[in-house]
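Undergrad: below are the sequence and a predicted model for it; my questions follow.
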Amino acid sequence: MLTAWADESGSRPDLDPGAYLLAATLCDDDDVAELRGTLESLRIGEAKLHWHGSSPERRAELVATVAQLPVTGFVVVHMDKDADDRRHRRKCMEFLLPHLALMPCSTITFESRGQLDASDVDMVQKLRSRRAIESTVRIEHSIGRNEPALWAADIVCGAVVQARIGNSAYLDVLGSAVELHAI
């Protein structure tokens, strides 16, 4: 069975207006310890690995490491210049969760956004009531600094944003391990 971790990102509003990304990284349950351990070993005096604020050299190191891990990425990009973050996220979840469920992935952990986590739970209930996902699909929320597996999703998100604004070098390293969907 697969397990997934998800993180979000806005793109660069000056170069890619109206773009919002939700990235999930998936791995087999048996590979979770390796994923966590490898990413944790890259943390150098930081609360968590984070794409934003990293130097180009550090980003290259992060992407190269993720490319060697037994993970795949699934990224949904919602384009709507008039949408707020809540609408962007809901649209991405409507696409992402049914696709992950078919893989099959039963647990998706999102980086916690505090009180906004309730909106994700509400979205899952709506998808269940529409029979878009089975009742076996669960979402969880975790604080980013406490869950190294979430860092892989952040890195994938960052690589996709860079590709969208004209720098595909990072995404090229990840290659076919990342599946992109624009909605």
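TA: Thanks, I have the structure now.
Undergrad: all strands for the chain, in order.
TA: 2-10, 19-28, 72-79, 105-111, 138-142, 178-182 (DSSP state E).
Undergrad: check the offset of the last one from the chain's centre.
TA: With CA atoms, centre = their mean, to the nearest Å as the basis, the distance from the averaged C-alpha position of strand 178-182 to the chain average is 11 Å.
Undergrad: adjacent strands (with direction) for that strand?
TA: strand 72-79 (parallel) (DSSP bridges).
Undergrad: could you give the bridge partners of the residue nearest the centre of the chain?
TA: Note on the chain: the residue nearest the mean C-alpha position is residue 23, at 2.6 Å, using CA atoms, centre = their mean. Residue 23 forms beta bridges with residue 7, residue 75, as assigned by DSSP bridges.
Undergrad: kindly report the same for the one 5 residues further on.
TA: Residue 28 has the following beta-bridge partners by DSSP bridges: residue 2.
Undergrad: and it, what does it touch?
TA: Applying CB atoms under 8 Å, 6 or more residues apart in numbering, we find residue 28 in contact with 1, 2, 3, 70. Using the backbone N, CA and C atoms, a C-beta is placed for each residue, glycine as well.
Undergrad: next, count neighbours for the third one.
TA: Residues near residue 3, counting by other CB atoms under 10 Å, number 21.
Undergrad: from residue 16, how far out is the closest residue to residue 182 other than its chain neighbours?
TA: Spatial nearest neighbour of residue 182, excluding adjacent residues (CB to CB, 6 or more residues apart in numbering): residue 77 at 4.8 Å. The gap separating residue 77 from residue 16 is 9 Å, by CB to CB, to the nearest Å.
Undergrad: between those two, what contacts are shared?
TA: Between them, residue 77 and residue 16 share the contacting residues residue 164, judged by CB under 8 Å, 6+ apart.
Undergrad: between these two, which one's more packed in?
TA: Neighbour count, other CB under 10 Å: between residue 77 and residue 16, residue 77 has more, with 22 against 17.
Undergrad: and that one, how far from residue 91?
TA: 10 Å.
Undergrad: likewise residue 70?
TA: Taken as CB to CB, the span from residue 70 to residue 91 is 29 Å.
Undergrad: who has more neighbours, these two?
TA: Neighbour count, other CB under 10 Å: between residue 70 and residue 91, residue 91 has more, with 19 against 14.
Undergrad: in space, what's closest to the more buried one - neighbours in sequence excluded?
TA: residue 78 is the one closest to residue 91 (CB to CB, 6+ apart), at 4.6 Å.
Undergrad: how about that neighbour, what does it touch?
TA: Taking CB under 8 Å, 6+ apart, one finds 19, 20, 21, 22, 88, 91, 92, 183 in contact with residue 78.
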